[in-house]
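In: Structure, please.
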Amino acid sequence: MSHSGVPSFKEKLMNKTVIVKVSLFTRAFSGTITAADDTGFFLVSNDMNAALREVTGGAMANVDAPCVYLPFSQLEWLICSQPKAAAASA
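Out: As a prediction, this is how the structure comes out:
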């Protein structure tokens with residue numbers, strides 16, 4: 001947690017549903033961020049998992065409930081929502 005008592009960017013992303021675009025794919029994916037560190041975050045996304053299964057072939061066949069780690073360096077953009085009251089005061 002940050003020293004000022006204000007949540008950091010990565011803390012604000014925790015458990016949020018987001019839309020991300022990463023350099024590996026030509027399209028964006030929605031999912032939920034379940035954890036984050038200084039270099040990236042874990043995303044649970046059924047759509048991204050399906051796309052990764054297509055790319056990797058049988059390599060993911062035995063992976064139950066995959067959670068994808070996305071480095072911030074591979075992120076082209078990220079969309080998340082905030083409460084309307086917070087958006088109005090920004």
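In: Describe which strands the lengthiest strand in the chain pairs with in its sheet and in which direction.
Out: Of all segments of type strand in the chain, defined using DSSP state E, the longest is strand 29-36. Strands flanking strand 29-36 in the sheet, each with its direction: strand 17-22 (antiparallel), strand 40-44 (antiparallel) (DSSP bridges).
In: Need the ones you listed in TSV (columns: mean neighbour count).
Out: For glycine as for every other residue, the C-beta is placed from the backbone atoms N, C-alpha and C. Formatted as TSV, the entries for the strands paired with strand 29-36 read as follows, by neighbours: other CB atoms under 10 Å:
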stretch	mean neighbour count
strand 17-22	17
strand 40-44	19
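In: tell me which helix or strand of this structure sits lowest on mean pLDDT?
Out: Of all the helices and strands that make up the chain, the one with the lowest confidence by mean pLDDT, DSSP states H and E is helix 84-89; it has a mean of 59.
In: how about the strands paired with strand 29-36, which one is nearest Y69?
Out: Using CB to CB as the measure, strand 40-44 is the one of the strands paired with strand 29-36 that comes nearest Y69, at 5.4 Å.
In: Thank you, goodbye.
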